[in-house]
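K.L.:
Here is my input; please provide its structure:
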Amino acid sequence: MTEETIRQNSFRAWVLAARPKTLTGALTPVILGLALAAADRHNGIIILPAVLCVLFALVMQIDANLVNDYFDWRRGNDNPATRLGPPRACTMGWVTPPSMRRAILFTTILACAVGLPLACYGGWQMLLAGIACVVFCFLYTTVFARLGLGDVLVVVFFGIVPVGLTYYLQTGCFTWPVFILSIACGCVIDNLLIVNNFRDIDNDRADGKTTLVVLLGRKASLSLYFFLGCAATLVVLILARFELRSAPMLIYLFVHCHAFRRMRRLSGKDLNKSLAETARNNLIFGLAASLTALL
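P.N.:
From the prediction side, this is the model:
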């Protein structure tokens, strides 16, 4: 795909800038939180806060993607000649920087507007959670991702926060099993970041960007990828007491192991295939864990 094939600031350009394939990472924890709440409420879920949680997660993910696109462009990190990942909108000229800044402002305001009504269901604490999501959306790209702390933020903001708050908004409480499952969910989604940084390890080292993969090295990062998926599966199986209802988790374990074996054989741009597989597997984990909770 080249710059000439995409008209500047066109609808297609904005779709690519939003990175729709990453939205599974935003949906998975909310789906899991709703399933856990439905299992414990025994009388279904409350529709409006459920819809608002889904919308907030999706808009915040798009917001984070736009922020990442813009600030990486400003640093000059996305050189098309050396970049191994999918092309980025600002660097390729698909979206102009002023338009990207306006889009970031719009999606940030939209996320706040969508999330604000949740305070009616969960109290003022929801305002603090929303502010934290917005603040760390910017700090992730500008600060934490360069200090080896991006994985911590993923576990918190793609695991603990969305699973926990979605469950809390439906039930009014937060239990230890939900907390443990939220960490497991965050770890599974973090595998997406591990693949991304594994692919970019050489470029990140040259750029002075210290990711967890840079700190651990290739071999240990591969082992971490495999461990996180297996450990998350084991957590669900233990909490389900290894009953038959947890059988869907074996589907996730199978696709995770398959993705790991393939990842070991790939390098460079070919690792984008592993990125797509891992994004798919994240959704499979969320659906399998949700089904386990509901059965």
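
K.L.:
Without its sequence neighbours, what residue ends up closest to Ser182?
P.N.:
Val163 (3.6 Å; Cβ to Cβ, 6 or more residues apart in numbering). Using the backbone N, CA and C atoms, a C-beta is placed for each residue, glycine as well.

K.L.:
Quick check: the one you found is in a helix.
P.N.:
Yes - assigned with DSSP: H, G, I helix; E, B strand; the rest coil, Val163 falls within a helix.

K.L.:
For Ala145, see how far away it is.
P.N.:
Distance of Val163 to Ala145, computed by Cβ to Cβ, to the nearest Å: 22 Å.

K.L.:
Between the two, point out the one with more neighbours.
P.N.:
Val163 (31 against 24; other Cβ atoms under 10 Å).

K.L.:
wait, isn't that one in contact with Gly33?
P.N.:
Yes - at 4.3 Å, Val163 counts as touching Gly33 under the criterion of Cβ atoms under 8 Å.

K.L.:
so how far is Ala113 from the residue nearest to Ser182?
P.N.:
If you go by Cβ to Cβ, the gap between Val163 and Ala113 works out to 23 Å.

K.L.:
likewise Arg261?
P.N.:
Taking Cβ to Cβ, one finds Arg261 at 44 Å from Ala113.

K.L.:
ok, now Thr278?
P.N.:
According to Cβ to Cβ, Thr278 stands 32 Å off from Ala113.

K.L.:
now stretch 158-174: mean pLDDT?
P.N.:
For stretch 158-174, the mean per-residue pLDDT is 94.

K.L.:
ok, now stretch 242-260?
P.N.:
95.

K.L.:
now swap in stretch 102-118 and tell me
P.N.:
95.

K.L.:
Stretch 71-82 too?
P.N.:
In the prediction, stretch 71-82 has an average pLDDT of 76.

K.L.:
begin at 30 from here
P.N.:
Got it, the first residue is 30 from now on, which makes the last one we talked about stretch 100-111.

K.L.:
So which residues make contact with stretch 225-243?
P.N.:
106, 111-114, 174-177, 179-180, 223, 247, 250-251, 253-254, 292, 297-298, 300-301, 303-304 (Cβ atoms under 8 Å, 6 or more residues apart in numbering).

K.L.:
Which stretches in the chain count as strands?
P.N.:
With DSSP state E, there are no strands along the chain.

K.L.:
quick one on the thing from earlier: compare neighbour counts for Thr307 and Ala142 and give me the winner.
P.N.:
Thr307 (28 against 12).

K.L.:
The more buried one reaches Leu221, doesn't it?
P.N.:
Yes - with contact defined as Cβ under 8 Å, Thr307 reaches Leu221; the gap is 5.1 Å.

K.L.:
which stretches of this structure have low pLDDT?
P.N.:
The model of the chain has pLDDT under 70 over residues 30-33, 106-111.

K.L.:
Could you list which of the contacts of stretch 225-243 belong to helices?
P.N.:
Secondary structure from DSSP state H places 179-180, 223, 247, 250-251, 253-254, 292, 300-301, 303-304 of the contacts of stretch 225-243 in helices.
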